[in-house]
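Asker: coords please:
(chains A and B)
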Amino acid sequence: MTALLELAGITKRFGLVTVADGIDLSVGHGEALGIVGPNGAGKTTLFSMISGDLAPDDGEVRFDGAVVTSRDAAARCRLGLGRTYQVPRPFEDMTVFENVLVAARYGAGLPTRAGYELATSVLAETGLAAQANLRAGALTLLQRKRLEVARALGTRPRLLLLDEVAGGLTDPEVEELVAIVRALRGRGLAIVWIEHVVRALTSTVDRLVCLAGGSIIGDGTPAEVLASAAVREVYLGSDPEAAPAAPERTAPDLLGKLLR
Amino acid sequence: MTAAVTTAPATVRVRRSQRSTRVGAPLLGLAVLVLAFLPFVAYTTVTSTLVTFFILLIMATMWNLLAGFAGLVSVGQQAYVGLGAYAVLWMSDLGVQPFLGVFLAAVVCAVIAIPTSLLAFRLRGDYFAVGTWVIAEAYRLVVVRSDALGGGSGRSLTTLSELDQTLREAGTYWTALTMVVACVVGSYLLLRSRLGLALTAVRDNEVAARSVGVDVTRAKRIVYLVSAAGCGAAGGLLLVSTLNVRPDSVFSVQWSAYMIFIVVIGGIGHIEGALVGSVVFFALQQALADYGSWYLVLVGLVAIAAALWLRGGLWGALSRRTGIRLFPIGYRVDRPS
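Answerer: Just a heads-up that it's a prediction; the model follows:
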C-alpha cells in the first residue's frame, strides 16, 4: 500500500535563503506525524507546499498516489487535504456555522442538507456548538483556533495539516485542543502537526520529524528525535553552522518551550 | 467545556429568513407592482425620472456585487455601460427592437467580459482597479474608430422614433423596471446560493476560502460576468431613454464614480445598501441639479464621511442596530432547547 502523502525532493528558495532543501517525507494512512523545528526552519513553508498555497521550485507532492504538485489549494482540499493556519484566518463577517458550512459545501462537496449536518456535528466535536450563530470575528483566540480545526474538518479531510494550533494558548487551553486532536486521531484520520509546544505533540503523535535550515535533521519516535544530538544542538544553538538562517526567538526561549 | 455535546443530525434546523424579511418581501413586491402600474397614471416626466433612478440602481447593485462580495474593486464598469449602449445601437441597425436589444446587450456584455476577465484577472487589488479603467478606455477607442457607430461624435437611435412618445416612454420604463427587478432579485438569489456562500468567504479571506475548496477565480469570474451583463443593460437603457449616444459620455469614468458613491454611502456588501444609497444619491442629485457640478462635491463629501465614520454605510448601521434584513443571505442554526 502506498503512503497517503509523499514528498520527493521538495525544494524552495526565497532569494538566497533555501527554506526547503530537497525534502523527502512520507505520511502513511492514519499516521500522526509531528513536525518541530526552530522558527525559520521552513515548517510553515513546507505546509504551504503540501496544501498548495505555495508552489515548490523543485520536487513533487503526491497525495494518495496522484501527483498534485501543479494543482491549486482548492483542488487539493477537495482531494482530502485539510489545513489550518498558524495565525487563524476565519471568515470574520460570517457566523461560525457559515465558516464551517463553506468547507462542507465546497471542500467536502456536500449538498445543502448534508452540509448542515456535517457542519453541526463538526462544531459539536470541536466544542463550538454554542457559538454557531456568533460572528467569527468576535471569537476569542482559543475559539478561533478551534474554528480553524473545525473548518478544516468540515472539508472532510483524509489528511489534516495542523499549523501551531496550540501556539499562544494557556496550558489548560492546550489540553483542550490536544483532547480534540487525539479524538480525531482515534478516528483514524491522518494528521501532520507542526507545533512549538512539544509536550502537546509528544502525547499525540507516533512519529516526530525535526526540521532545521530547510532539511530534516531528525525522524523517528518522539523520544528518539528529542534525544538525538543534532536536534538538541539546533535547539540549544551551540553550533552556529547548524542554526537556522534567521531565528526570531532566542535559544533560551526555545529551550523553555521544549522543556515546558 | 468539552466536545461531548453531540447534536443528533436529524434535529438540525437552519433558518434563512427572519421576521423583517417576511414583512419586507411582500412590501417590496407591492412596491414593484405599484411601480409597474405607474405609466398608466403618472406623467412621463415622473417615469423618465424614475428610469434615470433605475439605471443608477442597476449599476450600483452590480458594483456592490463585484466589490462588496467578490472583492473586485473595479473603476472600469463604464466599459460595459458603453458597450451595452453601443450593442443596442448596433443590433437596432440589424433590425433588433431596442427594448429587446437591452436584454440582448446584457448577454453581449457578459460574452465580451469572458476574454476581458482573462486579462483583468491577471491583476490584483489597486492594479486591477486601474487596469479595468484602462480596459474601458481601450473599448472606448475601439468604438470611436468605428464610423458605422458614429465615431467620436456618437449617433442617434432612430428606430424608436416612429413609436408614439407616450408608448415609447412607457416601454422604456417597463424595460428599466424589469431590469432592476432582475438585477436585485438575481443578486439576491446568487448570494443565497452555494456560490454566495463562497463569495462571502472570498470577501472575508481569499486564501482561507481556497484552503476549504473554493475555486476562487471561478467564483470571481461568474460575478464579473453577471456584473458586466447588468452594466450592459444599464448602458442599453441609457441609450433607449435618451435616444442618443456619445462615446465620451457612455464610456465616462463618472459611471464608476457614481456606483462607488452609492455603494459606499448605502453600505457595501449589503444588497439593501445599493437601494438605500441610490435613493440618497438620486435625491441629492435632483435637489442640487441647479448647482451644476457642486452636487458631485457634496456627494463626494458624503461618501468620504460615510467611509470614515459609517463603516457598512447607512444600511450597515441600520442593520447592525435593528437586525433588519430585507434580503437575508445568512444561515442561522436553531438549537433544540
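
Asker: Checking my notes, A:Ile216 in a strand, right?
Answerer: Yes. Under DSSP: H, G, I helix; E, B strand; the rest coil, A:Ile216 falls within a strand.

Asker: what sits opposite the residue nearest to it when sequence neighbours are not counted in the beta ladder?
Answerer: Excluding its sequence neighbours, the residue lying closest to A:Ile216 (C-beta to C-beta, 6 or more residues apart in numbering or on different chains) is A:Val209, at 5.7 Å. All C-beta spots, glycine's among them, are computed from the backbone N, C-alpha and C. A:Val209 forms beta bridges with A:Ile35, A:Asp219, as assigned by DSSP bridges.

Asker: Contact partners for residue 219?
Answerer: Going with chain A. Going by C-beta atoms under 8 Å, 6 or more residues apart in numbering or on different chains, A:Asp219 touches A:207-210, A:225.

Asker: I was thinking of chain B, sorry if that wasn't clear
Answerer: If you count contacts by C-beta under 8 Å, 6+ apart, B:Ala219 has them with B:70, B:195, B:198-199, B:202.

Asker: tell me which element it is part of?
Answerer: In the assignment (DSSP states H and E), B:Ala219 maps to helix B:216-242.

Asker: so after that helix, what's the next helix or strand?
Answerer: Next in sequence after helix B:216-242, counting helices and strands by DSSP H and E, comes strand B:244-245.

Asker: quick one: average confidence on the next helix-or-strand element following that next one?
Answerer: Downstream of strand B:244-245, the next assigned helix or strand under DSSP H and E is helix B:247-250. Here helix B:247-250 scores 91 as its mean pLDDT.

Asker: Next SSE downstream of helix B:247-250?
Answerer: Downstream of helix B:247-250 (by DSSP H and E), the next one is helix B:254-266.

Asker: Quick one: work out the angle between that next one and helix B:216-242.
Answerer: Taking axes from the mean of the first three to the mean of the last three C-alpha atoms, to 10 degrees, helix B:254-266 and helix B:216-242 form an angle of 110 degrees between their directions.

Asker: The following helix or strand past helix B:254-266 to helix B:254-266, inter-axis angle?
Answerer: The first helix or strand that comes after helix B:254-266 along the chain, using DSSP H and E, is helix B:271-287. Counting by the same axes, to 10 degrees, helix B:271-287 lies at 120 degrees to helix B:254-266.

Asker: rewinding a little: so which of the contacts of A:Asp219 comes closest to chain B?
Answerer: Using C-beta to the nearest C-beta, A:Val209 is the member of those that lies nearest chain B, at 22.2 Å.

Asker: what residues are up against that closest one?
Answerer: A:Val209 makes contact with A:25, A:33-36, A:216, A:218-219, A:225, according to C-beta under 8 Å, 6+ apart.

Asker: What about the contacts of B:Ala219, which are in helices?
Answerer: Among those, the members falling in helices (DSSP state H) are B:195, B:198-199, B:202.

Asker: And the furthest pair within those residues?
Answerer: B:Leu195 and B:Val202 (10.1 Å; C-beta to C-beta).

Asker: For those two, work out which one has more neighbours and name it.
Answerer: Neighbours around B:Leu195 and B:Val202, counted as other C-beta atoms under 10 Å in any protein chain shown, are more numerous at B:Val202. The numbers are 26 against 19.

Asker: Just give the nearest non-adjacent residue to that one, would you?
Answerer: In space, and not counting its chain neighbours, B:Val202 is closest to B:Ala209: 4.6 Å by C-beta to C-beta, 6+ apart.

Asker: which residues sit against the strand or helix carrying that neighbour?
Answerer: Here B:Ala209, judged by DSSP H and E, is contained in helix B:206-211. Outside helix B:206-211, the residues within contact range by C-beta under 8 Å, 6+ apart are A:51, A:53, A:72-74, A:77, A:82-83, A:85, A:89-91, A:102, A:151-152, B:71, B:198, B:201-202, B:216.

Asker: Show the pLDDT at B:Leu94.
Answerer: 92.

Asker: Could you give the number of residues near it?
Answerer: B:Leu94 sits with 7 neighbouring residues when counted by other C-beta under 10 Å.

Asker: Equivalent analysis for B:Asp248, please.
Answerer: The local packing of B:Asp248 (other C-beta under 10 Å) involves 12 other residues.

Asker: Pull up the residues of the stretch 151-300 of chain B that are close to chain A.
Answerer: The stretch 151-300 of chain B comes close to chain A at residues B:194, B:197-198, B:200-201, B:203-205, B:207-216, B:269, as judged by C-beta under 8 Å from any C-beta of the partner chain.

Asker: Only whichever of these are buried, select them in ChimeraX.
Answerer: To isolate the buried members of these in ChimeraX, using 16 or more other C-beta atoms under 10 Å in any protein chain shown:
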select /B:194,197,198,200,201,203,204,205,208,209,210,211,212,213,214,215,216,269
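
Asker: close enough to count as contact, B:Arg332 and A:Tyr116?
Answerer: No. The criterion here is C-beta atoms under 8 Å, and B:Arg332 misses it with A:Tyr116 at 11.3 Å.

Asker: More neighbours: the two, which one.
Answerer: Between B:Arg332 and A:Tyr116, counting by other C-beta under 10 Å, A:Tyr116 is the more crowded of the two (22 against 17).

Asker: how far away is the more buried one from A:Pro90?
Answerer: The gap separating A:Tyr116 from A:Pro90 is 19 Å, by C-beta to C-beta, to the nearest Å.
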